[in-house]
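Engineer: Generate a structure from the sequence data that follows.
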Amino acid sequence: MQVKRFRITALSVIGLVMMTAASHAEADGPDFFKVTGIAPSKALNLRAGPGINHPVIGRISSGTDGIRNLGCEGGLNLADWQSASLAERAVALRQRWCRVSVGALEGWAAGRFLAEGSGSEEKSTPQTAASQPEVRGTEWILAGSPAGEAVGNAWLRILPSGDINGNAGCNNFFASGSFGAGAFKLTSPIGATRKLCPENDVSDQETKLFSALERAAKYDFDIKTGTLWVMDETDETLLEFRLKQ
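Structural biologist: Have a look, this model is predicted:
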């Protein structure tokens, strides 16, 4: 696993711009959207308002089509879009939010993950935030971090209280935290043992793992694959874990 799996690269930004350009050709975009630019095993957050500061009220699976467009705001108008550079369009996409309905759910989704869709009925049933599986009281094996594919015996335990402990590959660590409804927040500094870790890759992983946990603001969990993603405020994936069997 390479670091590029955890970041939006320049090529992926250009791809998203090209895929969503059609949806920006009109003031409010097309009648229907489909979810794009998200890994097949992940989902698009549906929020109570237009912005990441609003709570998640549901999730729409990757590839879902037939999502009704109820109006978008933010970003560029048609004239500005046509004259903007790719970099300016990429910035505008991050500012665009669209109110959509899918199944019985209605809420706001980030416009950069929506492209023009068909009027066919949505292919998957949205999952409400309240129906997300409980992650407290579970243990996870690190699969990847900003340092790349996991090395050493790195794992994370989320206690019923919301506190965490684990091993970063060499040193044990612990911290107070809060988990629930997709929110991941450490409420104390990370404490860790101070063993000398001779392997450079393990030491690098530990440094970046602790930094990622301190930046964490959200999580998402795919019950089918037993995968946990820890994300920052902008929905960028920082860490990936697999459920310990």
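Engineer: isn't K244 right next to W155, touching?
Structural biologist: Yes - between K244 and W155 there is a contact under C-beta atoms under 8 Å: 6.8 Å. Every C-beta, even on glycine, is put in place using the N, C-alpha and C of the backbone.
Engineer: overlap in contacts of those two?
Structural biologist: Residues touching both K244 and W155 (C-beta atoms under 8 Å, 6 or more residues apart in numbering): 139-141.
Engineer: For C72, which non-adjacent residue is closest in space?
Structural biologist: Counting by C-beta to C-beta, 6 or more residues apart in numbering, C72 lies nearest to C98, which is 4.0 Å off, once chain neighbours are set aside.
Engineer: Equivalent analysis for L243, please.
Structural biologist: Per C-beta to C-beta, 6+ apart, closest to L243 is G226, 3.5 Å.
Engineer: any idea how far that neighbour is from C98?
Structural biologist: In this view, G226 and C98 are 31 Å apart by C-beta to C-beta, to the nearest Å.
Engineer: In terms of neighbours, single out the busier of those two.
Structural biologist: Taking other C-beta atoms under 10 Å, G226 and C98 do not tie; C98 has more neighbours (24 against 15).
Engineer: wouldn't that one be in contact with N69 here?
Structural biologist: Yes - if you go by C-beta under 8 Å, C98 and N69 touch, sitting 6.1 Å apart.
Engineer: sorry, back to before: from the shared contacts of K244 and W155, list the buried ones, please.
Structural biologist: 140-141 (16 or more other C-beta atoms under 10 Å).
Engineer: Which of the shared contacts of K244 and W155 sits closest to G107?
Structural biologist: Closest approach to G107 among the shared contacts of K244 and W155 (C-beta to C-beta): W140, at 28.3 Å.
Engineer: Assumed that closest one was part of a strand.
Structural biologist: Yes - looking at W140 with DSSP: H, G, I helix; E, B strand; the rest coil, it is inside a strand.
Engineer: Quick check: closest non-adjacent residue to it.
Structural biologist: Leaving aside its chain neighbours, W140 sits nearest to F241 (3.6 Å; criterion: C-beta to C-beta, 6+ apart).
Engineer: Spit out the contact partners of the one you found.
Structural biologist: Counted by C-beta under 8 Å, 6+ apart, F241 has contacts 140-143, 156, 227-230.
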